[in-house]
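**Q** Give me a model of this one.
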Amino acid sequence: MEEVSDAAGFGRSRSADAVVMNLWPSRGLHLTGFEVKASRTDWLKELKNPAKAENIIKYCDYWWLLAGDDSVVLQPGIEIPTTWGYMVIRKNRLVVVKEAPKLEPAVLSRSFLAAMLKRVTGGMVPRSSIQNEIDNAIELGCQNKRRQHDYEVERLTKKVSELQKIITDFETASELSLSKSEWSSENKNLGKLVNIIRKSNPEEMRKELERISGVAKKINETIQQQLILLNDSSIGKVVDNAGYLPDMQGTNTVSDTS
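**A** Numbers count the residues shown, from 1 in each chain. Coordinates of the predicted model:
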């Protein structure tokens, strides 16, 4: 209990920085008080009127001075009252310099008891309030989860709709079906071709197609020339075998073989 007054209401005149009570009968149910000093100036003010602390010390089994460092009390053997114990903080450790003697406490007055109970209950939170906070936190967490779930469902639904539209547009333009049952190796090859075209430079593709078209044209011309030569050669063989040539008037002229 922190800042415990010596009495309840307007009758209080002094307060202890802290009061601790042992709650186990096997350990004596002792009541221990603490006076905390952070500076030597504060401690010297206390020494000028040590009787002020008696209003609370009289109810305690032990009374301690707790100093922030060794600069607060320069001569512990002289400055510390005989009824007080002395502890100091050194390198983040609490060191007992002088043990507190066991006192003979007076019977607690109801006013002092009320002052202690007020400090205890002032820091307590009713179980119902704790449970309400837990329930509210759980409900808030559930609401956040539901909102997150609804957001994800909406986002994924929108994404699926966008993908379905893309697929539909592609199927309409390509006259291909991307359904699993109809997806064939030919369609997969076409997909690879689309990927190649998509990654290619349009200008380079145009030039390549023009080159291929030129080559095809030359091949076609060569084929036509060869066909003409082949036809002429075939006609000559036929004339040689028959022994005559057709004249321009359509009459036959027999060749002179004698």
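
**Q** where exactly do the strands run in the stretch 51-200 of the chain?
**A** 62-67, 85-90, 93-98 (DSSP state E, counting those that start in this stretch).

**Q** pLDDT of stretch 84-96, averaged?
**A** Stretch 84-96 shows a mean pLDDT of 91.

**Q** would you turn the strands of the stretch 51-200 of the chain into JSON lines with mean neighbour count and distance to Arg211?
**A** Glycine gets a C-beta too; all of them are placed from N, C-alpha and C. Output for the strands of the stretch 51-200 of the chain, formatted as JSON lines (neighbours: other CB atoms under 10 Å; distance: least, CB to CB, whole Å):
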{"stretch": "strand 62-67", "mean neighbour count": "22", "distance to Arg211": "96"}
{"stretch": "strand 85-90", "mean neighbour count": "18", "distance to Arg211": "91"}
{"stretch": "strand 93-98", "mean neighbour count": "12", "distance to Arg211": "89"}
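
**Q** so which of these comes closest to Glu221?
**A** Judged by CB to CB, the one of the strands of the stretch 51-200 of the chain that comes nearest to Glu221 is strand 93-98, at 104.4 Å.

**Q** Straight-line length of stretch 18-31, end to end?
**A** 11 Å (CA to CA, to the nearest Å).

**Q** Just give me how far it sits from the chain centre.
**A** Relative to its parent chain, stretch 18-31 has a centroid offset of 46 Å by CA atoms, centre = their mean, to the nearest Å.

**Q** of all the strands of the stretch 51-200 of the chain, which lies closest to Ala114?
**A** Across the strands of the stretch 51-200 of the chain, Ala114 has its closest neighbour in strand 62-67 (21.0 Å, CB to CB).

**Q** in its sheet, what does that closest one sit against?
**A** strand 31-37 (parallel), strand 85-90 (parallel) (DSSP bridges).

**Q** which other residues reach the first one?
**A** Read it as strand 31-37. By CB atoms under 8 Å, 6 or more residues apart in numbering, the residues outside strand 31-37 that reach it are 4, 16-22, 43, 46, 53, 56-57, 59-68, 72, 84, 100, 105.

**Q** Could you pick out the buried ones from these?
**A** Buried members of the contacts of strand 31-37, counted by 16 or more other CB atoms under 10 Å: 4, 16, 18-20, 43, 46, 53, 56-57, 59-67, 72, 84, 100.

**Q** Filter those down to just the ones in helices.
**A** Among the buried ones among the contacts of strand 31-37, the members falling in helices (DSSP state H) are Trp43, Glu46, Ile56, Ile57.

**Q** so what pLDDT did the third one get?
**A** Each residue has a pLDDT score; the one for Ile56 is 85.

**Q** With the first one instead?
**A** With respect to pLDDT, Trp43 has a value of 89.

**Q** Give me the below-cutoff pLDDT ranges for the stretch 51-200 of the chain.
**A** Scanning the stretch 51-200 of the chain for pLDDT under 70 picks out the ranges 121-126, 176-191, 193, 198.

**Q** Could you pull out the helices in the stretch 151-258 of the chain for me?
**A** Under the criterion DSSP state H, counting those that start in this stretch, helices of the stretch 151-258 of the chain are mapped to 185-199, 202-242.

**Q** Could you tell me the least trusted of the ones you listed?
**A** Among those, helix 185-199 carries the lowest mean pLDDT, a mean of 67.

**Q** how does the chain divide into domains?
**A** 2-122, 144-198, 200-237 (automatic domain parsing).
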